Every structure is written in C-alpha cells, then in structure tokens.
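Asks: Take this sequence and fold it.
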Amino acid sequence: MKIEIAQHDAISHFVVAKITEDKNTLLSKAILSKAEEAFFLTLTHSSRQLEWLAVRVLLNDRFGKKIRLSYHPNGKPFLENGSAFVSVSHSGSYVALMWSDEVPVGIDVQVDNDRILKT
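Replies: Numbering: from 1, shown residues only. Below is the predicted model:
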C-alpha cells in the first residue's frame, strides 16, 4: 500500500493509504486467524476483499504487531485487545485508519466522483 497521508497529534493518529496490491499479495501480508480466514471466504466481491485485507495489513503495519479487529453488533469496529479506540473507512482504492489511546475517534474517506455532487 502507498501511504498518502499520515498524521498525528497529542491524542489521535490517522493514515490514508492507496491499495496498490492484488488480493494474493495482501493475503500474504495479512496475519489472519482461522475465524478471519473463514470470514474472508464469505466476501464475494473482489473490491470488498481488497478493502477488508488492506485494513488488516494497515493495522498490523501501524501497530507493529498482529491486532485483531472485530465489530460491535451496530457495525462499529473495535480492537479485541482494547488497546485503542479505532475507526476505519474505505472508498475506491483507498483505506483510512484512525486510532486513539484516549478518546473515541471517527474517520471517513470518500473518493471524489460525480455522485457526491448529486443532491
């Protein structure tokens, strides 16, 4: 992945990356549990597979170790080890990750296209 933006302040960090790898390359970089592997196999769209893998690779890269990402019933992501608040977003070939040790965070990335301008 190509890091496009990476910033941090006293309480939060975020990174936006462009997905440049194919599925097999991301799979080779991801450290997946058996449950994650099983879930990955349920993803039918290739773009969703890339996004899902890219988030996990980016998490591991930023935290320097294997971090398990799970989701609350309402869809909000959380780190299983509880080490930080986290937010993820993806659009097109971009994935964004934001985290904080102190406060809940949120991030949204959106590829610019004509649909955004429609009201």
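Asks: where along the chain do the helices fall?
Replies: 23-29, 34-42, 46-63, 114-117 (DSSP state H).
Asks: centre of the chain versus stretch 81-97, how much separation?
Replies: Here stretch 81-97 is found 4 Å from its chain centre; the criterion is Cα atoms, centre = their mean, to the nearest Å.
Asks: ok so, going back, got the helices of the chain as a markdown table, with mean pLDDT, mean neighbour count and distance to residue 89 columns?
Replies: In this view, the C-beta of every residue, glycine as well, is placed from N, C-alpha and C. Listed next are the helices of the chain as a markdown table, based on pLDDT from 0 to 100; neighbours: other Cβ atoms under 10 Å; distance: least, Cβ to Cβ, whole Å:
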| stretch | mean pLDDT | mean neighbour count | distance to residue 89 |
| --- | --- | --- | --- |
| helix 23-29 | 94 | 14 | 17 |
| helix 34-42 | 92 | 11 | 19 |
| helix 46-63 | 92 | 19 | 9 |
| helix 114-117 | 63 | 8 | 15 |
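Asks: what's the closest of those to residue 94?
Replies: helix 46-63 (9.0 Å; Cβ to Cβ).
Asks: That closest one vs helix 34-42, what angle?
Replies: Helix 46-63 and helix 34-42 are oriented at 150 degrees to each other (axes from the mean of the first three to the mean of the last three Cα atoms, to 10 degrees).
Asks: Measure how buried residue 91 is and give me the count.
Replies: 14 (other Cβ atoms under 10 Å).
Asks: can I get the helices of the chain in TSV with distance to residue 95?
Replies: What follows is the helices of the chain, written out as TSV (distance: least, Cβ to Cβ, whole Å):
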stretch	distance to residue 95
helix 23-29	11
helix 34-42	15
helix 46-63	5
helix 114-117	18
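Asks: With residue 87 as the reference, measure out to the closest residue in space to residue 67 that isn't next to it in sequence.
Replies: Excluding the flanking residues, the one nearest residue 67 by Cβ to Cβ, 6 or more residues apart in numbering is residue 59, at 4.7 Å. Residue 59 sits at a distance of 12 Å from residue 87 (criterion: Cβ to Cβ, to the nearest Å).
Asks: joint contacts of those two?
Replies: residue 97 (Cβ atoms under 8 Å, 6 or more residues apart in numbering).
Asks: Thank you kindly, that will do.
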